[in-house]
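**Student:** got a structure for you, letters missing:
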């Protein structure tokens, strides 16, 4: 009883790989000769300068380690431009994407926190439900142009999220409103980089 196999002998595989390498070297040689012949390039450095723009760009390895899972989630920065006497408003949409009911709170922080109006003061969301906060700040009529107030908004639910909000006094503009979305979800993924973090207290 005879048995057949489709496996290629090792010698044929090595020969095929050698052909690919030889073809690549031949192609590279032809490219250099063509450039030097047609563009009057005489040195290797000049050839490399001509060839470099045609080569694929190097892709970053993406080795930056993200923040650990237990850190607050950054929602970015929002800038509102408001005339004196106007009102800046942010509408924050929060989704409870967990399987348990949850109370979501929004807390302004910073030296201008007492000037911030939040409606409602908290949200009671069931599983997968969505709700909205309206956060507003009124600019005094006598405010100076160019004045800027920065407020830190904390959204506390399953996780802590924070948004940096800057209100600038402008010469032109009307009441403005931005909308920010927050997905308050559990983190089920075990990240390899979490093992590299350790707690180091602040220096006194």
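**Tutor:** Yep, that arrived. Quantities reported herein were computed from a predicted structural model and do not represent experimental measurements.

**Student:** So residue 29 belongs to a helix, correct?
**Tutor:** Yes: following the definition DSSP: H, G, I helix; E, B strand; the rest coil, residue 29 is counted among the residues of a helix.

**Student:** And the pLDDT for it?
**Tutor:** In this prediction, residue 29 carries a pLDDT score of 74.

**Student:** Quick check: the nearest residue to residue 142 once chain neighbours are set aside vs residue 170, distance?
**Tutor:** Distances taken as Cβ to Cβ, 6 or more residues apart in numbering place residue 84 nearest to residue 142, at 6.7 Å, with adjacent residues excluded. Every C-beta, even on glycine, is put in place using the N, C-alpha and C of the backbone. For residue 84, the distance to residue 170 (Cβ to Cβ, to the nearest Å) stands at 9 Å.

**Student:** per-residue confidence at the closest residue to residue 102 other than its chain neighbours?
**Tutor:** Residue nearest to residue 102 in three dimensions, not counting chain neighbours: residue 96, with 4.9 Å by Cβ to Cβ, 6+ apart. pLDDT, the model's per-residue confidence, is 95 for residue 96.

**Student:** Spell out which residues sit in contact with the closest residue in space to residue 191 that isn't next to it in sequence, please.
**Tutor:** In space, not counting the residues next to it along the chain, residue 191 is nearest to residue 69; the distance is 6.2 Å by Cβ to Cβ, 6+ apart. Taking Cβ atoms under 8 Å, 6 or more residues apart in numbering as the definition of contact, the neighbours of residue 69 are 187, 189, 191, 194.

**Student:** which SS state does the residue nearest to residue 142 fall under?
**Tutor:** When classified by three-state DSSP, residue 84 comes out as coil.

**Student:** Look up phi and psi at it.
**Tutor:** Here is the backbone geometry of residue 84 (degrees, to the nearest 10): phi -60, psi 130.

**Student:** what's around it, how many residues?
**Tutor:** Using other Cβ atoms under 10 Å, the number of residues around residue 84 comes to 15.

**Student:** May I ask you to confirm that it is in contact with residue 169?
**Tutor:** Yes: the criterion here is Cβ atoms under 8 Å, and residue 84 meets it with residue 169 at 6.0 Å.

**Student:** Identify the contacts common to the two.
**Tutor:** When contacts are counted by Cβ under 8 Å, 6+ apart, residue 84 and residue 169 are jointly contacted by 139, 143, 145.

**Student:** Let me see the confidence value for the second one.
**Tutor:** Same thing as residue 143. If you check residue 143, the pLDDT there is 85.

**Student:** And for the one 3 residues further on?
**Tutor:** pLDDT recorded at residue 146 is 81.

**Student:** Identify the residues contacting it.
**Tutor:** Applying Cβ under 8 Å, 6+ apart, the residues near residue 146 are 168, 169.

**Student:** Please identify every residue contacting each of residue 84 and residue 170.
**Tutor:** With contacts defined as Cβ under 8 Å, 6+ apart, the residues shared by residue 84 and residue 170 are residue 145.
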